[in-house]
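Participant: After the sequence you'll find the predicted model.
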Amino acid sequence: DKLEKWSKREWISAWEVAKKYETIFRENMKQLHIDEFDVMPRATEHIQEQIALVKILEEKWYTYVIEWDGIYMDTSKVEEYGKLIGPNYKKRLEELNAGERVDMWGKKHPTDFALWKFSPVGEKRQMERESPRWIGFPGWHIECSAMSSKYLGQQFDIHHGGADHITIHHPNEIAQSECAFDKHPWVKYWVHNEFLQVDGGQMSKSLGNVYSLKDIEDKCYS
């Protein structure tokens, strides 16, 4: 969705948007003297792996379909869903189930999430694929599980990410992966980084207060 929006904003294709920022990312890594990884997979090159993973979850009855919307994970069937949140995760989930800032949009439970989204009828997206169910695109949680399992196996040691993923993205990755692969735990150690702070708050693209390496160099810092 973000690539589609930025495509309209920058007057280039969604594919060109992705390539532009991938190039910037790689250049920044070189500037910071960070070695490139052995494998740097793109989600768009692993659509079949994502579709296959959704199919496994469907066959195990962990999913349901919202008509004209998508295939969703039924989190009520997931044992210890949300355990990564911490010792109080059940209380936190109870608050969500009570309707805390949650729009259901046809979901059975507030914590259910999309595995595969259907393209809206009459709308042509730049990034959409054929699937056994309907033309559409993957939910972003399924991308990570499909790619990591291909290159690291169905169970591995360390998973990294931002602290903002502790409450939603990573619990969803755990849920779909452990249900699909029957591996517990799917990941042995979780390492989360906190955010850079600027002007007394979080630095983020959505707030428009991000400083790039070029911004820092323009201020004459090495």
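Facilitator: Yes, it's here.
Participant: pull the longest helix from the chain.
Facilitator: Longest among the helix segments of the chain by residue count, using DSSP state H, is helix 14-31.
Participant: From the contact counts, what lies against the next helix or strand after that helix?
Facilitator: Once helix 14-31 ends, the next helix or strand along the chain (criterion: DSSP states H and E) is helix 47-59. When contacts are defined as 3 or more Cβ pairs under 8 Å, 6 or more residues apart in numbering; DSSP states H and E, helix 47-59 packs onto strand 70-73, strand 113-118, strand 136-138, helix 140-152, helix 169-181. C-beta here means a position set from N, CA and C on the backbone, and glycine is covered the same way.
Participant: which other helices and strands contact the helix or strand just after helix 47-59?
Facilitator: Using DSSP H and E, the helix or strand that follows helix 47-59 in sequence is strand 63-66. The contact analysis (3+ Cβ pairs under 8 Å, 6+ apart) places strand 63-66 against strand 70-73.
Participant: Quick one: low-confidence residue ranges for the protein.
Facilitator: Flagging of the chain using pLDDT under 70 yields the residue ranges 96-103.
Participant: mind giving me a markdown table with the helices and strands packed on helix 47-59 and columns for distance to Arg129 and mean neighbour count?
Facilitator: Below are these laid out as a markdown table (distance: least, Cβ to Cβ, whole Å; neighbours: other Cβ atoms under 10 Å):
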| stretch | distance to Arg129 | mean neighbour count |
| --- | --- | --- |
| strand 70-73 | 13 | 24 |
| strand 113-118 | 9 | 22 |
| strand 136-138 | 7 | 23 |
| helix 140-152 | 12 | 19 |
| helix 169-181 | 19 | 23 |
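Participant: Ok, which of these comes nearest Arg42?
Facilitator: helix 140-152 (8.7 Å; Cβ to Cβ).
Participant: Give me the residues contacting that closest one.
Facilitator: 39, 41, 43, 46, 49-50, 52-54, 113, 115-116, 156, 159, 169, 172-173, 176-177, 180-181 (Cβ atoms under 8 Å, 6 or more residues apart in numbering).
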